[in-house]
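Asker: Predicted model, plus sequence, below.
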Amino acid sequence: MSEILKLVEQHDKYRAGTLNLQASENVLSPDVRKAMASDLGSRYSLVLDDHDAYGGTRYTQEILEKTMEMTTRVYRAKYAEVRPTGGHIASQVVLLSLMQKKGNLMSIPEKYGGYTGYQNNYLPQMFGFQNYDIPYKPESQEIDLEKTEKVMKSSNPSLMVLGQSFFLKHYELKPLREMCDKYDCTLAYDGSHVMGLIAGGSFQQDALNYCDVLFGSTHKTFFGPQGGIILTNDEDLMNKFRKNLTWRTMDNFHPSRVAALGIAMEEMHLHGSEYAHWVVKNSKSLAKLLSEGDAKPLYDPWYSETHQIGLSSKSLEKKGLNFRKFSELLERNRIVIDREGRIGTAEVTRMGVISMEKIAGFINGALSGQDVSKEVGEYVSGLKLAYWSGAQ
Ligand SMILES: *Cc1c(COP(=O)(O)O)cnc(C)c1O
């Protein structure tokens with residue numbers, strides 16, 4: 001047997017026995033997995049003006065069209081592009097389409113949860129742009145509008161990108177839209193972390209009312225597979241995005257992935273609103289329960305409007321831990337979180353969890369030195385995937 005296949009099987013077995021609270025991950029339904037593992041996984045399709053450059057594409061084209069159509073419905077957007085192979089690729093397409101060389105960009109600073117890719121030594125350097133920080137108030141998790149206007153006035157950006165990887169609170173978009181109109185700046189929203197919550201209508205439902213474009217990953221709060229989407233109500237913008245797709249930022253769009261995404265869109269269309277409602281409810285309730293233990297969540301008493309909770313590093317220091325050591329401690333107890341102090345409730349919600357008491361108990365137990373790995377294993381084996389065609 002292949003060495004790698006053995007490792008894959010070990011991985012699957014390992015992760016099937018752990019409780020996943022990683023904020024940037026989710027779990028695929030058997031229907032989505034079936035598409036991922038299908039013959040489509042080794043095929044090409046390239047739709048030119050009036051024909052496909054490849055043969056054997058009679059179903060591939062229909063899959064792509066239907067998936068785009070389903071995506072516009074789920075997001076109530078006029079135009080959708082589902083070919084970007086990741087959120088990062090989608091952001092490249094958007095930046096290339098809306099910026100000129102030597103142009104200026106504004107985004108949330110990394111130290112306040114902004115995406116690393118927008119910081120000056122990554123995408124801006126690669127494309128010849130300059131990034132300016134959006135002034136941000138971490139204590140309230142809000143953009144400082146007054147200071148932002150000052151930076152916008154002095155740096156004259158052609159694009160402002162909202163969105164964060166550490167993402168707890170919605171933005172007040174109307175004043176930002178007005179500011180962008182005043183200074184002739186395009187407004188984009190990188191919703192990578194929250195695409196599933198936006199689809200389900202539980203977070204920043206006004207994103208496309210105020211922003212020119214909404215884009216992001218399809219596998220964080222969205223049901224997967226891993227990939228990216230771009231949404232807009234502006235036909236000219238979508239045409240620009242499409243020009244920066246094939247042969248610029250990517251070639252093959254991975255038809256198996258698009259088919260899988262189409263199935264996930266159908267799942268989201270049917271179940272998204274219930275799912276997203278519970279994700280947010282679960283993160284608030286987990287935070288509340290954790291606040292009674294030693295790993296304190298940030299932003300008591302509102303905690304979060306998303307799937308994420310931020311942990312206080314100070315509260316962990318009191319127990320001799322940092323984010324990494326805390327994550328390692330939990331992993332020894334079969335609970336997986338990242339090593340940056342975030343906890344996410346998207347995947348457990350997809351696994352049907354609607355009460356966080358048990359999970360909070362496991363975390364608090366592990367933190368107080370108990371070995372809860374056996375109980376966590378038993379708990380996980382009793383969970384069942386919800387929000388798909390095979391769920392009751
Ligand atoms: C995760 C993330 C990305 C990158 O997405 P990938 O799908 O991993 O390429 C981009 N922007 C933000 C805000 C993210 O959180």
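Answerer: Perfect, I can see it now.
Asker: For the ligand, what's its nearest residue on the chain.
Answerer: residue 87 (2.6 Å; Cβ to the nearest ligand atom). Where C-beta positions appear, they are placed from N, C-alpha and C, glycine not excepted.
Asker: Would you mind splitting the protein into its domains for me?
Answerer: 30-266, 272-381 (automatic domain parsing).
Asker: Now tabulate the ones you listed in JSON lines and tack on mean neighbour count, mean pLDDT and distance to residue 387.
Answerer: As requested, the domains of the chain are exported to JSON lines (neighbours: other Cβ atoms under 10 Å; pLDDT from 0 to 100; distance: least, Cβ to Cβ, whole Å):
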{"stretch": "domain 30-266", "mean neighbour count": "19", "mean pLDDT": "97", "distance to residue 387": "7"}
{"stretch": "domain 272-381", "mean neighbour count": "19", "mean pLDDT": "98", "distance to residue 387": "5"}
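Asker: Could you look up the SS state of residue 338?
Answerer: coil (DSSP: H, G, I helix; E, B strand; the rest coil).
Asker: distance of residue 173 from residue 256?
Answerer: 36 Å (Cβ to Cβ, to the nearest Å).
Asker: repeat for residue 217
Answerer: The spacing between residue 217 and residue 256, counted by Cβ to Cβ, is 17 Å.
Asker: ditto for residue 245
Answerer: 18 Å.
Asker: same check, this time on residue 339
Answerer: 31 Å.
Asker: How many residues are close by residue 15?
Answerer: Residues contacting residue 15 under the criterion other Cβ atoms under 10 Å number 13.
Asker: helix, strand or coil for it?
Answerer: Under three-state DSSP, residue 15 comes out as helix.
Asker: For the residue nearest to it when sequence neighbours are not counted, give the beta-bridge partners.
Answerer: Nearest residue to residue 15, sequence neighbours excluded (Cβ to Cβ, 6 or more residues apart in numbering): residue 336, at 7.7 Å. Beta-bridge pairing of residue 336 under DSSP bridges involves residue 20.
Asker: right, and residue 336 touches residue 17 too?
Answerer: No. Using Cβ atoms under 8 Å, residue 336 and residue 17 do not qualify as a contacting pair, with a distance of 10.5 Å.
Asker: check contacts around the residue sitting nearest the centre point of the chain.
Answerer: For the chain, the residue nearest the mean C-alpha position is residue 193 (2.4 Å; Cα atoms, centre = their mean). If a contact means Cβ atoms under 8 Å, 6 or more residues apart in numbering, then residue 193 has 23-24, 163-165, 167, 216-217, 220-221, 306-308 as its contacts.
Asker: Next, please give the residue ranges for the strands of the protein.
Answerer: With DSSP state E as the criterion, the chain has strands at 19-20, 79-81, 104-107, 130-133, 136-137, 142-143, 159-162, 186-190, 213-217, 228-232, 308-310, 335-336, 342-344.
Asker: Next, format those strands as TSV and append distance to residue 124.
Answerer: Shown next, in TSV, are those (distance: least, Cβ to Cβ, whole Å):
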stretch	distance to residue 124
strand 19-20	33
strand 79-81	23
strand 104-107	6
strand 130-133	5
strand 136-137	18
strand 142-143	20
strand 159-162	11
strand 186-190	14
strand 213-217	17
strand 228-232	19
strand 308-310	26
strand 335-336	33
strand 342-344	25
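Asker: Would you reformat the ones you listed as JSON lines and include distance to the ligand?
Answerer: Putting these into JSON lines (distance: least, Cβ to the nearest ligand atom, whole Å) gives the following:
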{"stretch": "strand 19-20", "distance to the ligand": "16"}
{"stretch": "strand 79-81", "distance to the ligand": "14"}
{"stretch": "strand 104-107", "distance to the ligand": "9"}
{"stretch": "strand 130-133", "distance to the ligand": "14"}
{"stretch": "strand 136-137", "distance to the ligand": "14"}
{"stretch": "strand 142-143", "distance to the ligand": "15"}
{"stretch": "strand 159-162", "distance to the ligand": "9"}
{"stretch": "strand 186-190", "distance to the ligand": "5"}
{"stretch": "strand 213-217", "distance to the ligand": "3"}
{"stretch": "strand 228-232", "distance to the ligand": "6"}
{"stretch": "strand 308-310", "distance to the ligand": "10"}
{"stretch": "strand 335-336", "distance to the ligand": "17"}
{"stretch": "strand 342-344", "distance to the ligand": "11"}
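Asker: do you know which of those strands lies nearest residue 320?
Answerer: Ranking the strands of the chain by proximity to residue 320 (Cβ to Cβ) places strand 335-336 first, at 18.7 Å.
Asker: What helices and strands are in contact with the closest one?
Answerer: Applying 3 or more Cβ pairs under 8 Å, 6 or more residues apart in numbering; DSSP states H and E, one finds that strand 335-336 contacts strand 19-20, helix 357-367.
Asker: Run through who's touching the last one.
Answerer: Same thing as helix 357-367. 19, 21, 286, 289-290, 292-295, 319, 326, 329-330, 332-333, 335, 348, 353, 372, 375-376, 379.
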